[in-house]
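Novice: compute the structure for the input listed below.
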Amino acid sequence: PGRRGGGDPLLFLTAPFVTGTEGNSTVTVWSPFTSDGKGPTRVATFELRSPSPSPSLSLAVADAEGGGNGNLPKSTFVLLADNAEGDLHALRLRSVASGPGGSGGRPLDVISGFEYLSSFRTVHPILSWTTVRATAQI
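Specialist: As a prediction, the model looks like this:
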């Protein structure tokens, strides 16, 4: 969290969030709402171009906890599924761990943009889905 001019801490009231427009082919990441009363600001926008004139993509957000001792930022992916073609796109959000301030003194994750896109071709179109997070046992 930052500090305002008077020294009071600037608190995040929400997590950063994602919106999709134009059939979810344009994805925008927004900053969180903060305690200073200002609305969120646009962090980054990504456009996925499709050969179809009006793409229809399903959008879901999937989080995975950071590795190691919990000091790494979590991985967040925006998943986009083409309902007609069977394409699946995983867009990884770039995040950095800020200073302590989260619950239990853990660093807060700050989304700063997009890192990479991985695309997959599926055998059948994806008509509905549920994202599930599971901890890997190593």
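
Novice: could I get the lowest-mean-pLDDT helix or strand in the chain in PDB with only the CA atoms?
Specialist: In the chain, no helix or strand scores lower on mean pLDDT, DSSP states H and E than strand 87-100, which sits at a mean of 78. The C-alpha coordinates for strand 87-100 follow below in PDB (Å, rounded to 0.1, in the frame of the first residue of the first chain):
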ATOM      1  CA  ASP A  87      -9.200 -22.600 -29.500                       C
ATOM      2  CA  LEU A  88      -8.100 -22.000 -25.900                       C
ATOM      3  CA  HIS A  89      -5.900 -19.000 -25.000                       C
ATOM      4  CA  ALA A  90      -4.200 -18.600 -21.700                       C
ATOM      5  CA  LEU A  91      -3.100 -15.000 -21.100                       C
ATOM      6  CA  ARG A  92      -0.700 -14.600 -18.100                       C
ATOM      7  CA  LEU A  93      -0.900 -11.400 -16.100                       C
ATOM      8  CA  ARG A  94       2.400  -9.900 -15.000                       C
ATOM      9  CA  SER A  95       2.500  -9.200 -11.300                       C
ATOM     10  CA  VAL A  96       5.000  -8.200  -8.700                       C
ATOM     11  CA  ALA A  97       5.000  -8.600  -5.000                       C
ATOM     12  CA  SER A  98       4.800  -5.200  -3.300                       C
ATOM     13  CA  GLY A  99       6.000  -4.600   0.300                       C
ATOM     14  CA  PRO A 100       4.300  -6.200   3.200                       C
END
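
Novice: low pLDDT regions in the protein?
Specialist: Along the chain, segments meeting pLDDT under 70 span 1-10, 51-55, 65-73, 97-109, 127, 131-138.

Novice: now the strands: where do they sit in it?
Specialist: 17-21, 26-30, 42-47, 57-64, 75-82, 87-100, 107-121 (DSSP state E).

Novice: can I get those strands in a markdown table including mean neighbour count?
Specialist: All C-beta spots, glycine's among them, are computed from the backbone N, C-alpha and C. Listed next are those as a markdown table, based on neighbours: other C-beta atoms under 10 Å:
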| stretch | mean neighbour count |
| --- | --- |
| strand 17-21 | 15 |
| strand 26-30 | 19 |
| strand 42-47 | 14 |
| strand 57-64 | 16 |
| strand 75-82 | 21 |
| strand 87-100 | 17 |
| strand 107-121 | 14 |
